Every structure is written in C-alpha cells, then in structure tokens.
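S.K.: here's my sequence, what's the structure:
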Amino acid sequence: MNVTTRQNCRLCATPFDDPFLHFPRLPVAGVYLRKDELGGEPCAPLSVHCCRSCGLVQLAQEVSQDFYREYRFSGGHSARYRSHVANVAQVVQSLDLPAGSLIVEVGSNDGTLLRCMGGAGYEVIGFEPARTFDDDQPPTQVRVIHDFFSQAALEEHGVEQADVLVARHVLEHVSELDDFVSAIRQALVPGGWVILEVPDAVSLHRGGVVTNFLHEHNVYFTSATLTELMTRHGFSHVRSTWVEAHCGSILAIYRKDHTQATSEVAPQLAERIGPAAWTDFAWRAGTYLKSFGELLQSLRVDGPVVGYGSAQRTTTLIGMADLGEGALDYFVDKNPNHHGLYLPVVHRPIHSPDRLVKEMPRHAVILAQSFEEEIVEENEEYLRRGGTLVSTRDAAFRRIAAA
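M.R.: Down below sits the predicted model:
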C-alpha cells in the first residue's frame, strides 16, 4: 500500500491553500495487524483542505487501490446497520421497477443490500474488490464481481446496462471523481437511477466528528458539491435526504438524461460551509482530542479500560489523540473479521464483546459512536453487574450506568 499526495482540488482542479487540519503522522485506518506485525503499521501525514473555489472538503493524501483488497469493514453484524440498509432497499423498491430489473451495487461489502434486493425479485450484481467476503454465499439472483468498479471492468465482466446503480459510502473513497461518475453513466440505461450515500460534511462540521477524517476518505461532500459533480455528467438531481448513518450522511437520488421537474433537498443539508468555519472546527477538534486523552488517564484510576469498537475511526482517534501502548487494555467489536487481530500504535488485541461480562473491566469506552444506542442496549448485563459505558460523542464524555 502506498500513500501519495496531491496539490489540487478533485472537483475543480484549483490548487490547495494551506490545510485547516494537519497531522504530521497518523496510522492508516483500516489496517489491522497480526501479532508478528506489531510495529510495522503504515503511517502517513493527514492534511484536510477546503477548496476556496468550489468548497469541496478533501484530503491531500490518498491510499493506493490495493488497500481495499484486504478491506475488513463489515456492517451486517449490526442490527442498526441492517435496519438502515433495509430502508435503502425500500428506496429502490419505491422506484416501481418491473420484476427482473437489473440493479448494480458498487462496494457491496458483506452483501447485506445484495440479499435484500435479490430477495425482492431483482437481478443484482455487486462489485466488491475485497476478498475478505469471499465466503459469503449470495442468493441465486445475485452475482458478486471481485473487482474495482470502472468502465473497463464493466466491459471485461460483460455487465449489461442497469436500471439502478447504488453506491453507498463508496464515492468518498474515490480519487478520480470524473472517471468514476463516467463509469456510473456507462453502467446505466437511459433514464436509469443512481442512489448515492456519502458522509455529510455539514453534519461532520456541526457534530465536530474529527475522526471521520481518515486516509481512506478522499472527499467530504455537501449536497451542493455532490450535485455539482453529478449534473456535469448529465444526471438530474431528484432528491437528497439526511440519514443518521455514520454520524450523518446524504442519501441522494439522481437520474440519467432525464428532465426533472422538481428537486428536493432536506433542510439540514442546505447549509454551505466555507474555509473560516472549518478553521473553527479544527480548534474544537483540538480541544476534544486533548480532553479525550485526559479522560483515559482519569478512567485508569479505577483499573483496566477497554475500547468498544475497532473500526476505522478508532484507529484515527488513537493517532489524533497521540495515544501510546497501554492507553487501552484491549478492544471489543462484533465484527468477526477483526477478532484476533491488533490495532495499530496501541498494539492491543480485538475480541468479541462477550469478553466484557467475562472479565468485567470497570469502564468500556464507546468508540463506535454511530452505534452507541445499540451498544448500550446489547450490554445491559455488563451494566447491571457494575460496568460503565462511556460515550465519546462529545467532550462531555457521558458515563452510562445501569438504570
């Protein structure tokens, strides 16, 4: 895996000004280590810019594509995630497509949405480069292509033009945006639908979620910058709604070569954020990270401290808060792809959440912020026996005990 640096905006090519947020050295989130690999984790600078011309927020750094061959994020083990994906499936079904319509999902991950769509009577093709999900058995009407989505891949694998293309939390990973959207256009029949879900930069700013800035996310869209990209490739904007996924996301619908009479944008997505506001964000982020380090030190007084959640934002928080070995004793996560592996920098193992009740550490710090409610509900026994869950959604670091 290589990390390279670019100097200009991915949307309008304007040269970057100084970053509003910069870390000289962070572990690359999404990399998990075996015990014999400890100390060999990749690290790189992370610089975040807001384009002065178009307003697109983006990193200067980008990871090479081979990073995604061993991609380990999986959401299907979470009830909250499955519920959200079911809602996306309902959006597809609301388009009133005839039975047998072809749906392409880009970045199909563990196949949660593919199964919903295949079970609804559609023909479904998923593009997923990660071999991590090879063992998943898709339904009969579902085909998974283990390759990166591109114009060349569509031709190589003989993919016919689809009626709908879905790309959930994929576009933010893309560096060459115009090439990717051109491939979307090629993949669709005239009048075909595109459903995109991306992290919402407005929500990120409002919530101060600094850990959403990580090496694998090249760009952070607002509704306006996303629509600017899509319309210049001949897509009409239909509707953009706000969804709670990943601390706030945009769920947008576009249509190829179609005159759209109306276009709807949810009110909470309409805000425009300029460079000055992002400078304020950076100041708030620094305060939060300092307070997080102090929190862990204070919790240590009571004994072992466990981190709940080992996804990418956990690694980013570890690096941004400049934590060292021993800051946390171990991590727990429902994702079986992480179990037995170690997180970078702190070099502590990842276990199943059932370890909490077995060992009863005094505090478990919720690092999977998007799933806080689900984590609290699923760990009532740990709380009943005297354990404490600690929220990290803001610098209040609310402590959650048994009711």
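
S.K.: ok, now how distant is the closest residue to residue 387 other than its chain neighbours from residue 202?
M.R.: Excluding the flanking residues, the one nearest residue 387 by C-beta to C-beta, 6 or more residues apart in numbering is residue 360, at 6.0 Å. Heads up, the C-betas are built off the backbone N, CA and C, glycines and all. Separation of residue 360 from residue 202 (C-beta to C-beta, to the nearest Å): 40 Å.

S.K.: looking at these two, which is more packed in?
M.R.: Counting neighbours by other C-beta atoms under 10 Å for residue 360 and for residue 202 shows that residue 202 has the greater number, 22 against 14.

S.K.: next helix or strand past the longest helix seen in the chain?
M.R.: Longest helix in the chain by number of residues (criterion: DSSP state H): helix 275-300. Heading C-terminal from helix 275-300, the first helix or strand you meet, by DSSP states H and E, is strand 305-308.

S.K.: pull the CA atoms of that following strand into PDB?
M.R.: C-alpha atoms of strand 305-308 as PDB (Å, rounded to 0.1, in the frame of the first residue of the first chain):
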ATOM      1  CA  VAL A 305     -10.100   0.400  30.400                       C
ATOM      2  CA  VAL A 306     -11.500  -1.300  27.300                       C
ATOM      3  CA  GLY A 307     -12.300   0.300  23.900                       C
ATOM      4  CA  TYR A 308     -15.700  -0.700  22.400                       C
END
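
S.K.: from the chain's centroid, how far away is that strand?
M.R.: Chain-centre distance of strand 305-308: 21 Å, with C-alpha atoms, centre = their mean, to the nearest Å.

S.K.: same deal with stretch 332-340?
M.R.: That offset, for stretch 332-340, works out to 17 Å (C-alpha atoms, centre = their mean).

S.K.: tell me if I'm right that residue 118 and residue 124 touch.
M.R.: Yes: counting by C-beta atoms under 8 Å, residue 118 does reach residue 124; the two are 4.8 Å apart.

S.K.: looking at the two, which one has more neighbours?
M.R.: Neighbour count, other C-beta under 10 Å: between residue 118 and residue 124, residue 124 has more, with 29 against 20.

S.K.: and the pLDDT at that one?
M.R.: Listed pLDDT for residue 124 reads 93.

S.K.: show me what the helix or strand hosting it is in contact with.
M.R.: In the assignment (DSSP H and E), residue 124 maps to strand 123-127. With contact meaning C-beta atoms under 8 Å, 6 or more residues apart in numbering, strand 123-127 is reached by 100-108, 111, 114, 117-118, 138, 141-145, 147-149, 153, 159, 162.

S.K.: try 6 Å
M.R.: Contact with strand 123-127 is made by 100, 102-106, 108, 114, 117-118, 141-145, 149, as judged by C-beta atoms under 6 Å, 6 or more residues apart in numbering.

S.K.: quick one: strands adjacent to that strand?
M.R.: Paired with strand 123-127 in the same sheet, following DSSP bridges, are strand 102-106 (parallel), strand 142-145 (parallel).

S.K.: out of those, indicate the one that is most buried.
M.R.: Greatest average neighbour count among the strands paired with strand 123-127 goes to strand 102-106 (a mean of 25), per mean count of other C-beta atoms under 10 Å.

S.K.: convert the C-alpha atoms of that strand to PDB, please.
M.R.: Presented in PDB, the C-alpha positions along strand 102-106 are these (Å, rounded to 0.1, in the frame of the first residue of the first chain):
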ATOM      1  CA  LEU A 102     -31.000  -5.100 -13.100                       C
ATOM      2  CA  ILE A 103     -29.500  -3.400 -10.100                       C
ATOM      3  CA  VAL A 104     -25.800  -2.900  -9.700                       C
ATOM      4  CA  GLU A 105     -24.300  -2.100  -6.300                       C
ATOM      5  CA  VAL A 106     -20.800  -0.700  -6.200                       C
END
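
S.K.: and it, how far out from the chain middle?
M.R.: With C-alpha atoms, centre = their mean, you get 19 Å for strand 102-106.

S.K.: who's in contact with it?
M.R.: By C-beta under 6 Å, 6+ apart, the residues outside strand 102-106 that reach it are 113, 117, 122-127, 149, 162-167, 170, 187.

S.K.: do you know how far residue 166 is from residue 265?
M.R.: Distance of residue 166 to residue 265, given as C-beta to C-beta: 20 Å.
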